[in-house]
Structure formats: structure tokens, C-alpha cells
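Visitor: Just a sequence and a predicted model for now, questions to come.
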Amino acid sequence: MLGLALALVLASPGSRAQAQEPQGAELAGRLGCLACHALTGQGGQLAAPLDGVGARLTPRELGLSIAYPRQRHSRAKMPSYAYLPLMEQAALVKFLESLK
């Protein structure tokens, strides 16, 4: 009975479990994406700017770029983020999709 109650609490809106879901922008900051990519004029110049990336690439292409960047660009210097949990990869894709 206690397990069911705990499951219901964790599944409820505004619960701690949902608060811990990764936010794409926060994750991009933590991973240092702006060290190489620019966004709204801020950040690095070593890689393509992120402005408009959601209009240029499909969600599938964004996911591939995050997990296996050299499959899209053989000379990419970007590290692979395939090690990230799928939930975090999805959060990054969602964030990048929003940049249209």
C-alpha cells in the first residue's frame, strides 16, 4: 500500500520527480555547448551557431548530432553525448528544436 501511495505522489504534477527532469537549456549550459556554438550572439565561434537550428535540422538529425556528431560531419570536433541518459538527450533535442 505504501508503494502505491509513493508511486502516486511521484506521478502527480509538480512532484519532485518531474522537477528533476532535465531542462534542455540548463543541460546545454552544463555541457558547455556555448564554448563552441554561439546563440543570440553569445558564445563560441568554432562551430555552427545554434540560432535557427530547429528550423534547419529535423529532430532525428538533432539527436544524431548530439549522440554521434561525426556521422553528420566527419571532421566534427564535438564530443559524442551518446553516454547521456535518453531523457537528457531528448531534453537537448527539444531545446534545440525550439531554436527556430
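Guide: That came through, no problem. These numbers were taken from a predicted model, which means no experiment stands behind them.
Visitor: what does stretch 30-46 contact?
Guide: Residues from elsewhere that reach stretch 30-46, judged by CB atoms under 8 Å, 6 or more residues apart in numbering: Ala28, Ala47, Ala48, Pro49, Leu50, Asp51, Lys77, Met78, Tyr81, Leu99. Where C-beta positions appear, they are placed from N, C-alpha and C, glycine not excepted.
Visitor: Could you export those to a markdown table, including columns for pLDDT, secondary structure and neighbour count?
Guide: Shown next, in a markdown table, are the contacts of stretch 30-46 (pLDDT from 0 to 100; DSSP: H, G, I helix; E, B strand; the rest coil; neighbours: other CB atoms under 10 Å):
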| residue | pLDDT | secondary structure | neighbour count |
| --- | --- | --- | --- |
| Ala28 | 96 | helix | 20 |
| Ala47 | 95 | coil | 17 |
| Ala48 | 94 | coil | 17 |
| Pro49 | 97 | coil | 15 |
| Leu50 | 97 | coil | 20 |
| Asp51 | 97 | coil | 15 |
| Lys77 | 94 | coil | 10 |
| Met78 | 96 | coil | 18 |
| Tyr81 | 97 | coil | 18 |
| Leu99 | 96 | coil | 20 |
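Visitor: Can you tell me how far Glu61 is from Gly41?
Guide: Glu61 sits at a distance of 24 Å from Gly41 (criterion: CB to CB, to the nearest Å).
Visitor: How about Ile66?
Guide: Relative to Gly41, and taking CB to CB, Ile66 is found at 23 Å.
Visitor: and the two? which has more neighbours close in?
Guide: Ranked by neighbour count (other CB atoms under 10 Å), Ile66 and Gly41 place Ile66 first, with 23 against 7.
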